[in-house]
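Engineer: here are the coordinates; sequence isn't available:
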């Protein structure tokens with residue numbers, strides 16, 4: 001069996017990510033972010049989705065990136081905290097945002113390859129974060145930005161690592177299911 005593994009970093013929407021992946025007729029399992037590697041490997045993951053969560057990457061005891069995802073063998077999509085965690089642990093800079101962003105926002109697509117292919121150049125999305133990425137890790141490019149979030153989506157296509165600062169799983173995000181579909185069915 002091959003599947004998508006969703007690692008839960010404490011997100012209020014983690015179950016909803018799993019539901020959306022299942023709506024795409026793809027088998028997935030939602031596991032704690034620190035699930036044993038053997039449990040992950042038994043699922044033969046075709047890809048990983050890292051959920052959001054309430055932590056800051058700088059909080060004492062904040063969940064960290066599993067070591068096997070530093071050089072992943074399958075594509076990875078980080079959502080909100082998952083994106084910040086990827087950026088932080090792969091050499092980028094994450095800082096407390098000047099202003100928390102919670103609620104509707106508009107992102108402009110900078111690069112429509114992969115996740116945003118054939119979508120409108122501007123999307124209404126749902127944001128919920130207190131930290132922002134200030135500098136991307138080496139090898140990453142900006143896929144989308146908003147007035148308050150210069151890196152609202154990122155990718156390192158060579159390593160098949162992607163991140164979105166917003167929540168594609170919620171109905172408030174236009175084309176959110178399309179973004180997940182592209183990751184799960186095309187990238188993976």
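Structural biologist: Arrived safely, thanks for sending. Just so it is clear, the model here is predicted, and its values are computed rather than measured.

Engineer: tell me the strands beside whichever strand or helix holds residue 154, with direction?
Structural biologist: Here residue 154, judged by DSSP states H and E, is contained in strand 153-156. Strand 153-156 has its sheet partners listed here by DSSP bridges as strand 141-145 (antiparallel), strand 161-164 (antiparallel).

Engineer: contacting residues around the longest one?
Structural biologist: So that's strand 141-145. Residues external to strand 141-145 that are found in contact with it (CB atoms under 8 Å, 6 or more residues apart in numbering): 107-111, 113, 115-116, 123, 136, 150-157, 162, 164. Where you see a C-beta, it was placed from the backbone N, CA and C, and this is true even at glycine.

Engineer: of those, buried ones?
Structural biologist: 107, 109-111, 115-116, 123, 136, 150-157, 162, 164 (16 or more other CB atoms under 10 Å).

Engineer: next secondary structure after the worst-scoring helix or strand of the chain on mean pLDDT?
Structural biologist: Across the helices and strands of the chain, mean pLDDT, DSSP states H and E gives its lowest value to strand 93-109, namely a mean of 81. From strand 93-109 onward toward the C-terminus, using DSSP H and E, the following helix or strand is strand 122-135.

Engineer: now the residue most central in space within the chain: how far from residue 42?
Structural biologist: With distances taken as CA atoms, centre = their mean, residue 78 lies nearest the centre of the chain, 2.0 Å away. According to CB to CB, to the nearest Å, residue 78 stands 23 Å off from residue 42.

Engineer: most neighbours per residue, which of the strands paired with strand 153-156?
Structural biologist: Ranked by mean neighbour count, these are led by strand 161-164 with a mean of 28 (mean count of other CB atoms under 10 Å).

Engineer: give me the contacts around that one.
Structural biologist: Counting by CB under 8 Å, 6+ apart, 72, 75-80, 82-84, 86-87, 90, 114-115, 140, 143-144, 152-156, 179, 183, 187 sit against strand 161-164.

Engineer: cutoff 7 Å now
Structural biologist: With contacts defined as CB atoms under 7 Å, 6 or more residues apart in numbering, strand 161-164 is touched by 72, 76-79, 82-83, 86-87, 115, 153-155, 179, 183.

Engineer: greatest separation within those residues: which pair is it?
Structural biologist: Using CB to CB, the pair of these lying farthest apart is 72 and 179, separated by 19.1 Å.
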